[in-house]
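>>> return a 3D structure for these sequence lines:
(chains A, B, C and D)
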Protein chains: 2
Amino acid sequence: MSKRRPRQVDVARHAGVSPAIVSLVLNGKIDEKIRISPQTVERVRASMRELGYMPNPMARSLATGQNRIMGVFTYEPVFPLQTESFYFPFLVGIEDEAEAKDYDLLLFTRSRRHAGRRTVYRDGVNQLLMADGSVLFGRDVEASEVERLALEGYPFVSIGRVDTDAPYSYVAADYAGATRRVVDHLVEHGHTGIAYLGAPDRAVSYRERERGFRQAHEAAGLALDERLVVFSDPETLLGRQLDTLLATGATALVCEHHRLATALIRLVRERGLAIPRDVSIALLGEHHRPSDALASCTTFRIPLYAMGVDAVRILGNALEGDATTHQTTLPCDFVAGHTVAEPATPRA
Amino acid sequence: MSKRRPRQVDVARHAGVSPAIVSLVLNGKIDEKIRISPQTVERVRASMRELGYMPNPMARSLATGQNRIMGVFTYEPVFPLQTESFYFPFLVGIEDEAEAKDYDLLLFTRSRRHAGRRTVYRDGVNQLLMADGSVLFGRDVEASEVERLALEGYPFVSIGRVDTDAPYSYVAADYAGATRRVVDHLVEHGHTGIAYLGAPDRAVSYRERERGFRQAHEAAGLALDERLVVFSDPETLLGRQLDTLLATGATALVCEHHRLATALIRLVRERGLAIPRDVSIALLGEHHRPSDALASCTTFRIPLYAMGVDAVRILGNALEGDATTHQTTLPCDFVAGHTVAEPATPRA
DNA sequence: CTGAAAGCGCTTACAG
DNA sequence: CTGAAAGCGCTTACAG
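Okay, the predicted model is just below:
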């Protein structure tokens, strides 16, 4: 290694001024309040150049209490191989807006716990503290950690709602509204027996969809047969279940996520039924570039990119002093596909 | 806000010890060298819990000179919409290995310059200094900045080679070797007139491919007709150029990148020629999930994920004291597709 | 208009 | 086995 990196004092000595002046010049804090002679400024600048001075960012952070870094925290890997297309648009939005707001992005990759899951608090210590504030997202953000963060006053924004009553800032997609829109669409086509195929895991975003499903029935004055609401994993989804739903009067089926929809479509085809002639199908939210099976499925588009952008925007405002919590819900675009038609045997 | 976060002194006072003890307990530096009574340790731990003490990471970084953060620098956005699939596997590899080595990842998103390009040195200041070391990648890493980083002794690893003689650590793909393999494959099929379609921009990775192309000819004792080596953008690639190549004796064409290959295939088809019956085609390296047009193209697979992993591994070693520069070249897997066959009119 | 000093919150030799 | 002190490299009131 060459000799030690020059510090501020070295520059000050070289320029014949005090370290304070160097700091002021460095930070461009030379206005009507603090006036330093142009010659001095130039001399300091020259010394900085000559010595190749670079301020130590850690020292600056310690002194100022901030470092223009936004954290990105997810409980699972940020770059998941499977969910790739799901997280990716978030990140594109986050990066774009971080760049616009002049923040670097810190990905908390180390905060592992036993089960391979990450954790905000490791040994009771908030791992996000290195960043001025953070964006949280992932398939299940832990309510207890969000509550604690809020309590501590750490600035953060969650992408997606969390299961807590504590006030915190989030950006969410309007799953309920989008689901209502899908059900309305089915009702407009004459469906009255609409089955709901949900995940056993009742994450907030799933519950929101289900809520929208029920609201739409209510608004349409349609009685909902509870036997049409079933929860299942794609792997355990059985033809028998499908048969039961159809026998119970379902002419349309909505699925909470794409894997369920894919499994369902396979079962439907196995039975020699045609979509949408014999049965209509809709997917409640498209994350992925749709697979072949779902390419033209009726669904809605979750505004992932915009959610990323908004989260960073809100966080940025918070870091600039906005103390209020912001709860934003973005609309989803309805996507009319080719999997919905009039029911084969209208029951109207 | 509630009252100020407790600091180390507060814990020390509460536990009735000196700050140094708190620091030692915090960092688990209690071994045979430094022995502190178990009661004291427990008292300190209790005080930390009671006060909700969390060490200030900035202060720790300043004191220790490191912060277990690896930087990720690219000249373009890290999350590009277009090149999506190109960078993504790098990032997956980087994240996996960073997690394994217990580092967080800092994405330098702010270092913008005028033209929208990022820059390592902003106003002469190394923007990477916030991280203990960094991984650099992107479509054109600037040689001058790499040289300066190397000169300064900043720890970094480049994914991909850079156009400089300065010694620095990199992880690259063996484009030359992989291209030789492709040419050999063509030669084995009886081709002697192999055209090379390159990008006008002669980035290092492209030059490597071209070098491999020439080496393979030499090794096969095949004279290379220089008229068969052309450079063009996909947009300006003309049917006339293709006609000329074919007239000059080309029975096979290799393309430096997928957009060129896609354009070429379109032109070939427009002429009513069949692949591989009338002309064989190979792509020199697959980044993307192949588009339909290229789905079964003969090519080679760039080990993007492994390159990301290796870069972080090498950087990690450097940060742990390994002062040597490492230059790693990873092999690419040959992918035999369906776009190569014997030439229609063998000239052997 | 500029300098001396305290402070940001830690860690780490160095004494005892 | 533990404490007092210096140091990491900045920024920012506070004096003059």
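
>>> what's near enough to touch the residue of the stretch 101-250 of chain A found nearest DNA strand D?
For the stretch 101-250 of chain A and DNA strand D, the shortest gap (C-beta to the nearest atom of the strand) falls at residue A:132, measuring 14.0 Å. In short, each C-beta sits where N, CA and C put it, glycine included. Shown in contact with residue A:132 (C-beta atoms under 8 Å, 6 or more residues apart in numbering or on different chains): A:66, A:67, A:68, A:69, A:70, A:103, A:155, A:319.

>>> quick check: residues of the stretch 51-200 of chain A near DNA strand D?
Taking C-beta under 7 Å from any atom of the strand as the contact definition, the stretch 51-200 of chain A meets DNA strand D at A:53, A:54, A:55, A:56, A:59, A:60, A:62, A:63, A:64.

>>> let's go with 10 Å and repeat that
Neighbours of DNA strand D within the stretch 51-200 of chain A, by C-beta under 10 Å from any atom of the strand: A:53-66.

>>> now, of these, which are buried?
Taking 16 or more other C-beta atoms under 10 Å in any protein chain shown as the criterion, what is buried in these is A:53, A:54, A:55, A:56, A:57, A:58, A:60, A:61, A:62.

>>> which SS state does the third one fall under?
Remark: residue A:55 carries the secondary structure label coil [criterion: DSSP: H, G, I helix; E, B strand; the rest coil].

>>> wait, doesn't it sit right on residue A:8?
Yes: the pair formed by residue A:55 and residue A:8 meets the contact definition of C-beta atoms under 8 Å, at 7.1 Å.

>>> for the residue of the stretch 101-250 of chain A closest to DNA strand D, which non-adjacent residue is spatially closest?
Spatial nearest neighbour of residue A:132, chain neighbours left out: residue A:66 (4.9 Å); criterion: C-beta to C-beta, 6 or more residues apart in numbering or on different chains.

>>> pretty sure the one you found is in a helix, no?
No: assessed with three-state DSSP, residue A:66 is coil; it does not lie in a helix.

>>> for it, grab phi and psi.
phi -150, psi 160 (degrees, to the nearest 10).

>>> got a pLDDT number for it?
We note a pLDDT of 92 for residue A:66 in this prediction.

>>> so how far is the longest helix along chain A from its chain's centroid?
Criterion DSSP state H: the longest helix present in chain A is helix A:84-101. From the chain centre to the centre of helix A:84-101 is a distance of 9 Å (C-alpha atoms, centre = their mean, to the nearest Å).

>>> and for stretch A:65-82?
Taking the mean of its C-alpha atoms, stretch A:65-82 sits 11 Å from the chain's own mean (C-alpha atoms, centre = their mean).

>>> could you list the buried residues of it?
For stretch A:65-82, by 16+ other C-beta under 10 Å, it's A:67-80.

>>> now render the residues you listed as TSV, adding secondary structure.
Output for the buried residues of stretch A:65-82, formatted as TSV (three-state DSSP):
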residue	secondary structure
A:67	coil
A:68	coil
A:69	strand
A:70	strand
A:71	strand
A:72	strand
A:73	strand
A:74	strand
A:75	coil
A:76	coil
A:77	coil
A:78	coil
A:79	coil
A:80	coil
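
>>> immediately after the longest helix of chain A, which helix or strand?
The C-terminal neighbour of helix A:84-101 among helices and strands, as given by DSSP states H and E, is strand A:104-107.

>>> DNA strand C contacts on chain A?
Residues of chain A lying near DNA strand C (C-beta under 10 Å from any atom of the strand): A:8, A:12, A:15-25, A:30, A:32-41, A:43-44, A:58-65, A:125, A:129.

>>> let's see that with 6 Å instead.
With the criterion set to C-beta under 6 Å from any atom of the strand, chain A comes near DNA strand C through A:17, A:18, A:19, A:20, A:21, A:34, A:35, A:36, A:37, A:40, A:62, A:63.

>>> I'd assumed the last one was in a helix, is it?
Which is residue A:63. Yes: counting by three-state DSSP, residue A:63 is part of a helix.
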